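Student: here are the coordinates; sequence isn't available:
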């Protein structure tokens, strides 16, 4: 059982997570909104940049959503020529997804904004704080990353200010 004193500190951590996430996605949200897109589109763009030509089923599993929930955003991204479908190798019946050149550029722009925010925060907090933050986030994300088929960085503490 969590005692009252611990609960207040944990509630404060939840509050920090909530507001820091809002800040982290604010600039990308504005860029996406200008194209009539939203966070679901951003998540797909990110994962397509991270994963190597996933099948639709693999993408859906990584996102943790239904095929129905993915179909609208995928349709939007395809219509804006940000995503393309490719035939699978060796099984041509499998649809694989990939970013187009325009998709890579948009995803890169969105990721660059978020990298800048992290670089500034890590620089202000210092390397020890960054290591602590990464350790906490790795614990919180471990099960979801495994489920999504994404391996955490081998030694994330060495990548301060770096990219993906």
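Tutor: Great, that's in hand. Given the structure is predicted, the values throughout are model-derived calculations rather than measurements.
Student: where does the protein have low pLDDT?
Tutor: Under the criterion pLDDT under 70, the flagged ranges of the chain are 154-164.
Student: what about the helices in it?
Tutor: 4-33, 39-50, 56-63, 67-79, 101-125, 127-148 (DSSP state H).
Student: dump those into CSV; add distance to residue 87 and mean neighbour count as well.
Tutor: Placement of C-beta: from N, CA and C, glycine included. Below are these laid out as CSV (distance: least, Cβ to Cβ, whole Å; neighbours: other Cβ atoms under 10 Å):
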stretch, distance to residue 87, mean neighbour count
helix 4-33, 29, 12
helix 39-50, 16, 20
helix 56-63, 12, 18
helix 67-79, 15, 15
helix 101-125, 18, 15
helix 127-148, 24, 13
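Student: just so I know, which of the ones you listed lies nearest residue 91?
Tutor: Comparing the helices of the chain against residue 91 with Cβ to Cβ, the closest turns out to be helix 56-63 (12.0 Å).
Student: for that closest one, packing partners?
Tutor: Contacts defined by 3 or more Cβ pairs under 8 Å, 6 or more residues apart in numbering; DSSP states H and E place helix 56-63 against helix 39-50, helix 67-79, strand 95-99, helix 127-148.
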